[in-house]
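J.: I need the structure of the sequence given here:
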Amino acid sequence: MIHITKINRLIKNNYHIILALATFVFIIIAFFLSHFNLEGAKKNAKYTVAYITSDWHQKNNNGVGTDFKYYVNGEKIEKTCANNLKNGTRYIVLYDSIHPKNYIMLYNHQLPNKITAPVNGWKLDQVPIKLDSADLKYYFEKLGL
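T.: Predicted coordinates:
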């Protein structure tokens, strides 16, 4: 019983250190998990049309950035990216064909309205605009992949 009391007192006296350490560990784990998700998108890449559905916003239910949606096998996926894109425009989005909610917005590759989205995405050689490995390398370097 004395040991439990000592441990309890130790936790009460150092809760701020324990809380800071737990927060730091959580941030590190979240960073690695999000980075892992992007590695999967890079490895299992497919491409489709991202429809921008909002202008830049400071904060809403989705966070800070520009809202967009894309479709994979008829499933609508809604996300927010940190790029300032104009509502109503369309861009190429790279997504993980195994986990389609993992994506990389290709914000330098705007699409004309005449291009329709594929049902199951495009492979790199099927994308209807010029997109090559040098373009992708730019995005991967920006994301540290």
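J.: Just want the most central residue of the chain.
T.: Taking Cα atoms, centre = their mean, the centroid of the chain lies closest to residue 103, which sits 5.1 Å from it.
J.: ok, it to residue 7 distance?
T.: 45 Å (Cβ to Cβ, to the nearest Å). All C-beta spots, glycine's among them, are computed from the backbone N, C-alpha and C.
J.: still on that earlier bit, any idea how far the residue nearest to the centre of the chain is from residue 138?
T.: 16 Å.
J.: got it, and residue 108?
T.: 8 Å.
J.: got it, and residue 78?
T.: The value you get for residue 78 to residue 138, if Cβ to Cβ is used, is 26 Å.
J.: Was I right to think residue 74 contacts residue 119?
T.: Yes - counting by Cβ atoms under 8 Å, residue 74 touches residue 119, with 7.1 Å between them.
J.: quick one: which of those two has more around it?
T.: Neighbours per residue (other Cβ atoms under 10 Å) separate residue 74 from residue 119, with residue 119 holding more: 10 against 7.
J.: Lovely, talk soon.
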